[in-house]
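Asker: below is the sequence, then the predicted model.
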Amino acid sequence: MKSAVGPSARSADIPATMLAVVFSAQDQVTLREVPTPRPGPREVLVRVRSSMICASDAKILAGKFPATKFPHVPGHEFSGEIAMSGDGRFAVGARVGVEVHVGCGTCDRCREGMYTLCQNYGKRETGHAHVGFTIGGGLADFAAVPIAALHVLPEHVSFDQGAWTDNLGVALWALERGRIGGGEHVVVIGPGAIGLCAAQLARALGAGRVTLVGRGDRLARVRDMADEVIDSAEVERLRGSADLVVEFAGTADAARDAISLARRGGRVVLGGATGTGVELSGVDLSTIVRGNLDVLGSLANPKGVSGRALALVAEGKVDVTSLITHHFPLRSFAEAWQTFTERRGGAIRVMLHPQAES
């Protein structure tokens, strides 16, 4: 195989077929042998070592992402080692994490570094790719990944930690979007995987106090990740107290709470409702106008932010390992899927290991 940069190097044990999760049609999922993908120009083949299930995978399966075409191999939170490469910057054997958005590189948004807002979304012929959404992902033994999506894992970051590359970038970007400052009171709404990353990153970036707001049994398990944990039913007592509020719950109630919790002149970042259909009502606009609030949307992880987040993991400032509550080999995908979707055993993130024997 030839690439745009010369002959490809490859490991010697790449099989012709691989095991993969396949969304064969809306609401239809199978685990079966499929041809191992061949990387195209500006792509490498990644041997997947660690791959997580995300709520977005369930939305893809339900047909809520029109740009996803069935049959489809999902998975957008994964890491592994390069098994085939034609790019000297990414040698065979290199350990990599993956961020999922790859822009066309030429539209106005991409030129600004905002490739997450690429104006050619879904147009593969332009170079755009959304790993695990518009192209095949990492719930498989191998994945063909654009080199623009790769981050070489720091020496002390494991494959399991590397699978958080995308999530960490999403959380860090929301905090940077909100211009987090040293010593500030930061409130994070939503104790899911990304919210828990955001709470820890806020501490790492010098927040004076971090408050985590949520509900359910999960709160008791994550108390060490914030200075205080508040049930959403008691959130009223925080009204007007936060310098920065970051919301990752994805509901209208959470967005309303976020706006009410910011102090006058404070900032609010809404990052949860990335799908359509969630509408915000019941907010008195004078709260925003007279309060001089900055209310900002935050989507994904542009400008290479995921790489900087991995550096904080390598320094031990963010713990994602404790957020991985379950491990399964890829062959046990059905059990893993039920564990995640039904929140069995307080599941936060469920990790699949495609190279595991059993």
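Answerer: That came through, no problem.
Asker: for V246, what are its contacts?
Answerer: Contact partners of V246, counting by CB atoms under 8 Å, 6 or more residues apart in numbering, are 174-175, 178, 186-189, 195, 198, 202, 258, 269, 271, 298. All C-beta atoms are positioned from the backbone trio N, CA, C, and that covers glycine.
Asker: and it, bridged to which residues?
Answerer: Partner residues in beta bridges with V246, using DSSP bridges, are V188, V269.
Asker: so for it, what's the pLDDT?
Answerer: V246 is assigned 98 on the pLDDT scale.
Asker: quick one: secondary structure of the nearest residue to N301 once chain neighbours are set aside?
Answerer: In this structure, N301 finds its nearest non-sequential neighbour in G169, 3.0 Å apart by CB to CB, 6 or more residues apart in numbering. Each residue gets one of three states, and G169 gets helix by DSSP: H, G, I helix; E, B strand; the rest coil.
Asker: residues touching G169, list them.
Answerer: With CB under 8 Å, 6+ apart, G169 has these contacts: E99, A300, N301, V305, S306, G307, A309.
Asker: helix, strand, or coil at S286?
Answerer: Assigned with three-state DSSP, S286 falls in the helix class.
Asker: tell me how far it lies from T276.
Answerer: Distance from S286 to T276, counting by CB to CB, to the nearest Å: 28 Å.
Asker: next one: A334
Answerer: 29 Å.
Asker: those two: who's more crowded?
Answerer: More neighbours sit around A334 than around the other of A334 and T276, counting by other CB atoms under 10 Å; the figures are 13 against 7.
Asker: now do the domain split for the protein, please.
Answerer: According to automatic domain parsing, the chain is divided into the following domains: 2-164+320-353, 170-297.
Asker: just put the ones you listed in JSON lines and tack on distance to V313.
Answerer: What follows is these, written out as JSON lines (distance: least, CB to CB, whole Å):
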{"stretch": "domain 2-164+320-353", "distance to V313": "6"}
{"stretch": "domain 170-297", "distance to V313": "10"}
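Asker: closest to A314 out of these?
Answerer: Closest approach to A314 among these is made by domain 2-164+320-353 (3.7 Å; CB to CB).
Asker: and stretch 139-153, how far out from the chain middle?
Answerer: 14 Å (CA atoms, centre = their mean, to the nearest Å).
Asker: in strands only, show me the contacts of V246.
Answerer: Using DSSP state E, the subset of those located in strands is V186, V187, V188, I189, V269.
Asker: was I right about the second one contacting L261?
Answerer: Looking back up the chat, that one is V187. Yes - V187 is in contact with L261 according to CB atoms under 8 Å; the separation is 5.4 Å.
Asker: settle it for me: which of those two has more neighbours?
Answerer: The residue with more neighbours, out of V187 and L261, is V187; 30 against 25, by other CB under 10 Å.
Asker: contacting residues for that one?
Answerer: With CB under 8 Å, 6+ apart, V187 has these contacts: V210, T211, L212, V213, L238, S241, A242, L244, V245, V246, A258, L261.
Asker: how does it look with 10 Å?
Answerer: For V187, the contact set (CB atoms under 10 Å, 6 or more residues apart in numbering) comprises 199, 202, 207, 209-213, 226, 228, 230, 235, 238, 241-247, 257-258, 261-262, 266, 268.
Asker: in space, what's closest to it - neighbours in sequence excluded?
Answerer: A242 (4.2 Å).
Asker: so what's that neighbour bridging to?
Answerer: A242 has the following beta-bridge partners by DSSP bridges: A262.
Asker: picking that back up, buried subset of the contacts of V187?
Answerer: A residue is treated as buried here by neighbour count (16 or more other CB atoms under 10 Å); on that basis the buried members of the contacts of V187 are 199, 202, 207, 209-213, 226, 230, 235, 238, 242-247, 257-258, 261-262, 266, 268.
Asker: test my guess that the residue nearest to V187 contacts R263.
Answerer: Yes - taking contacts as CB atoms under 10 Å, A242 lies within contact range of R263: 6.2 Å.
Asker: which neighbours do these two share?
Answerer: In the contact map built from CB under 10 Å, 6+ apart, the residues linked to both A242 and R263 are E184, H185.
Asker: just the element for F78, please.
Answerer: F78 is part of strand 77-85 when elements are defined by DSSP states H and E.
Asker: where do the strands sit along the stretch 101-250 of the chain?
Answerer: 101-102, 129-130, 142-146, 150-152, 185-189, 209-214, 228-231, 242-247 (DSSP state E, counting those that start in this stretch).
Asker: separation between the nearest residue to D217 once chain neighbours are set aside and H326?
Answerer: Counting by CB to CB, 6+ apart, G346 is the residue found nearest to D217 once chain neighbours are left out, at 5.9 Å. For G346, the distance to H326 under the criterion CB to CB works out to 10 Å.
Asker: between those two, which is the more surrounded one?
Answerer: Comparing G346 with H326 by other CB under 10 Å, the one with more neighbours is H326, at 18 against 13.
Asker: let me see the contact set for that one.
Answerer: 53, 335-336, 339-340, 344-352.
Asker: now with 7 Å?
Answerer: With contacts defined as CB atoms under 7 Å, 6 or more residues apart in numbering, H326 is in contact with A336, T339, G345, A347, V350, M351.
Asker: what about it, which helix or strand?
Answerer: Using DSSP H and E, the element containing H326 is strand 324-329.
Asker: for that strand, which strands pair with it and how are they oriented?
Answerer: strand 349-353 (parallel).
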